[in-house]
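Enquirer: I would like the atomic coordinates for the input below:
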Amino acid sequence: MNAGIINDAYHLLPQLRSFLTGSMTCSFVTGTNVFYLRSIYMQEKQSSYILSVNCGSSSLKFSLYHSGSLLPECTGSVNAIGCAESNFDIRKGEQSIEHKATGFKDLDAAIKAVIRWFKNSVYKNCLFAIGHRLVQGGPDHREPELITDRLLETLHQFIYLAPNHLPDELKTIKTFQFAFPGLPQVACFDTAFHKNMPDEAKYYPLPAKYREQGVLHYGFHGLSYEYIMQKLKSDMVKIKAQKIIIAHLGNGASMAAVKYGTCIETTMGLSPIGGLVMGTRSGDLDPGVILFLLKQGGLTVTQLDELLSKGSGLKAIAGKSDVQGLLKMEAKDPKALAAITMFCYQARKFIGSLAAAMGGLDTLVFTGGIGENSAIIRERICLDLGFLGINLDKKSNYNNKKNISLARSRVNVLVMKTDEEKMIAQHTQTAIK
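Expert: Here you go, the predicted structure:
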């Protein structure tokens, strides 16, 4: 093999990736040269990283994992995007390696800050692939897949299903594509976990023409649910014999009912607006309320979308969407108390509903920012659920133990930290093999 090709191979890694994954040909690659090039490619893979990107409604989270082992290298986030107090934080283990309180005005500024950091870091030439969380892929795109121009064109056609999420996610992908040309990128859809729900849960009682346009009960937070189920399995929980409710409670909140290893129902529906009341989202509403807002309220469709997505929920009740902040205010602020009461009431109601859908309950898992960190919210949600077999151990709950149920409780109540970014990395590695 030509020595010049060997010496230059490391500079051709983007093209080599494409050749070795079958998406393009290289004119200089013939016969036995493939063996040498594949060896170089695999060596590069062992010493490189997968970047997971999780674009939220007001945050941008990312994590770096060693390709192959998927051991974490570092994590980062840009929080409270659009607010003066937004900040950029990067951690390696428990240690902060960079922190900037900048006040990122929009998502575009946050994305560029993250890319700039990588371009100036020791990892700048070590990225092997990038995985992205996408809220919605429409009815035909659920499983993780390599991002191509054709896929992006298709996803643009489904923006109407997730207008508050998909445009930002597509913008994020394109910005990373421009910054890291030739690097394989993978789309990981939040709807995949719910794809096998039974027809009675999956379809709405509307004319068939709307189903054909993609109007389905999709469900979201799937990457979080998938991680929790993997963790339960690794902890030797017999998930194939259990009826499990997972409560992902954060600024966006939902629950899923998993019966014998398969999701059969979830609280979010066509969009992430539905289900539980959330920080700024309304959750479920009587369709008559929507008609009232359009007719008597005189709202345009755009104004209605803005109201239900960003001007409702806890914020509409108490003027603040942060649960921890509301808990501090509730003793002196009736509106804060009303918001917290509604949040816990609705969560309790949905637990009962999902348990009924499964015909019982064996395990309840709290996860997400609120579910993992707020003992008082967990306690209030579980109040009066003794009839389902849920009995909390108050001391274990307030000490944030993993199992917070009493020994006599028929239902195991667990607190588990989720890791959507780890699932993104796992799917990305599998998709590009």
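
Enquirer: where do the strands of the protein begin and end?
Expert: With DSSP state E, the ranges of strands along the chain come out as 49-55, 60-66, 72-79, 87-92, 95-101, 127-134, 145-146, 185-189, 243-248, 254-259, 262-266, 363-367, 412-415.

Enquirer: present those as CSV; the columns should include mean pLDDT.
Expert: Output for the strands of the chain, formatted as CSV (pLDDT from 0 to 100):
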stretch, mean pLDDT
strand 49-55, 96
strand 60-66, 95
strand 72-79, 93
strand 87-92, 92
strand 95-101, 82
strand 127-134, 96
strand 145-146, 97
strand 185-189, 98
strand 243-248, 98
strand 254-259, 98
strand 262-266, 98
strand 363-367, 98
strand 412-415, 98
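
Enquirer: nearest to Pro207 among these would be which one?
Expert: Of all those, strand 262-266 sits nearest to Pro207, with 23.0 Å by CB to CB. In this view, the C-beta of every residue, glycine as well, is placed from N, C-alpha and C.

Enquirer: so the closest one versus strand 243-248, what angle?
Expert: Strand 262-266 runs at 60 degrees relative to strand 243-248, counting by axes from the mean of the first three to the mean of the last three CA atoms, to 10 degrees.

Enquirer: before we move on, the earlier item: mind putting the strands of the chain in a markdown table, mean neighbour count and distance to Thr172 included?
Expert: As requested, the strands of the chain are arranged in a markdown table below (neighbours: other CB atoms under 10 Å; distance: least, CB to CB, whole Å):
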| stretch | mean neighbour count | distance to Thr172 |
| --- | --- | --- |
| strand 49-55 | 25 | 5 |
| strand 60-66 | 22 | 8 |
| strand 72-79 | 19 | 12 |
| strand 87-92 | 17 | 15 |
| strand 95-101 | 11 | 19 |
| strand 127-134 | 24 | 7 |
| strand 145-146 | 15 | 17 |
| strand 185-189 | 24 | 10 |
| strand 243-248 | 26 | 22 |
| strand 254-259 | 25 | 22 |
| strand 262-266 | 22 | 25 |
| strand 363-367 | 24 | 24 |
| strand 412-415 | 21 | 31 |
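
Enquirer: for Leu304, which of these is the nearest?
Expert: Across these, Leu304 has its closest neighbour in strand 254-259 (21.3 Å, CB to CB).

Enquirer: could you dump that closest one to CSV, C-alpha only?
Expert: Included here for strand 254-259 are C-alpha records, laid out as CSV according to Å, rounded to 0.1, in the frame of the first residue of the first chain:
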residue,chain,number,x,y,z
SER,A,254,-45.3,12.6,31.7
MET,A,255,-45.9,9.1,32.9
ALA,A,256,-45.8,5.7,31.1
ALA,A,257,-47.5,2.4,31.9
VAL,A,258,-45.2,-0.6,31.1
LYS,A,259,-46.9,-3.9,31.3
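
Enquirer: before we move on, back to that, now the strands of the chain as CSV including distance to Asn391?
Expert: Listed next are these as CSV, based on distance: least, CB to CB, whole Å:
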stretch, distance to Asn391
strand 49-55, 35
strand 60-66, 35
strand 72-79, 35
strand 87-92, 37
strand 95-101, 39
strand 127-134, 35
strand 145-146, 44
strand 185-189, 37
strand 243-248, 15
strand 254-259, 20
strand 262-266, 24
strand 363-367, 11
strand 412-415, 8
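
Enquirer: what pLDDT, on average, does the lengthiest helix in the chain get?
Expert: Taking DSSP state H as the assignment, the helix of the chain that covers the most residues is helix 334-358. Averaged over helix 334-358, pLDDT sits at 98.

Enquirer: quick one: buried residues of it?
Expert: For helix 334-358, the neighbour count (16 or more other CB atoms under 10 Å) marks 335-337, 339-340, 342-344, 346-348, 350-351, 354-355, 357-358 as buried.

Enquirer: what sits against Leu307?
Expert: Ser282, Leu293, Leu299 (CB atoms under 8 Å, 6 or more residues apart in numbering).

Enquirer: OK, contacts around the second one?
Expert: Contact analysis of Leu293 by CB under 8 Å, 6+ apart lists Leu299, Leu304, Leu307.

Enquirer: and if we set it to 7 Å?
Expert: Leu299, Leu304 (CB atoms under 7 Å, 6 or more residues apart in numbering).

Enquirer: measure it to Asp305 for me?
Expert: Computed with CB to CB, to the nearest Å, the distance linking Leu293 and Asp305 is 11 Å.

Enquirer: overlap in contacts, the two.
Expert: With CB under 7 Å, 6+ apart, Leu293 and Asp305 have no common neighbours.

Enquirer: give me the neighbour count for the closest residue to Met423 other than its chain neighbours.
Expert: Setting aside the residues directly before and after it, Met423 is nearest to Leu223 in space (CB to CB, 6 or more residues apart in numbering), at 4.5 Å. The number of residues packed near Leu223 is 28, by other CB atoms under 10 Å.

Enquirer: what residues are up against Leu223?
Expert: For Leu223, the contacting residues are Arg133, Cys188, Asp190, Glu420, Met423, Ile424, by CB under 7 Å, 6+ apart.

Enquirer: now the first one. Nearest residue, chain neighbours left out?
Expert: Yep, that's Arg133 we're talking about. Among residues not flanking Arg133 along the chain, Asn54 sits closest, at 4.7 Å (CB to CB, 6+ apart).

Enquirer: if I look at that neighbour, how far off is Cys188?
Expert: Distance of Asn54 to Cys188, computed by CB to CB: 9 Å.

Enquirer: now the residue nearest to Arg133, which residues is it bridged with?
Expert: Per DSSP bridges, residues listed as beta-bridge partners of Asn54: Lys61.

Enquirer: contact partners for it?
Expert: Neighbouring residues of Asn54 by CB under 7 Å, 6+ apart: Lys61, Phe62, Arg133, Glu420, Glu421, Ile424.

Enquirer: share the number of residues neighbouring the fifth one, please.
Expert: Glu421 is flanked by 25 other residues according to other CB under 10 Å.

Enquirer: sketch out the low-pLDDT regions of the chain for me.
Expert: 1-47 (pLDDT under 70).

Enquirer: let me see the domain layout of it.
Expert: Here the domain parsing of the chain from automatic domain parsing is 3-46, 49-189, 238-419.
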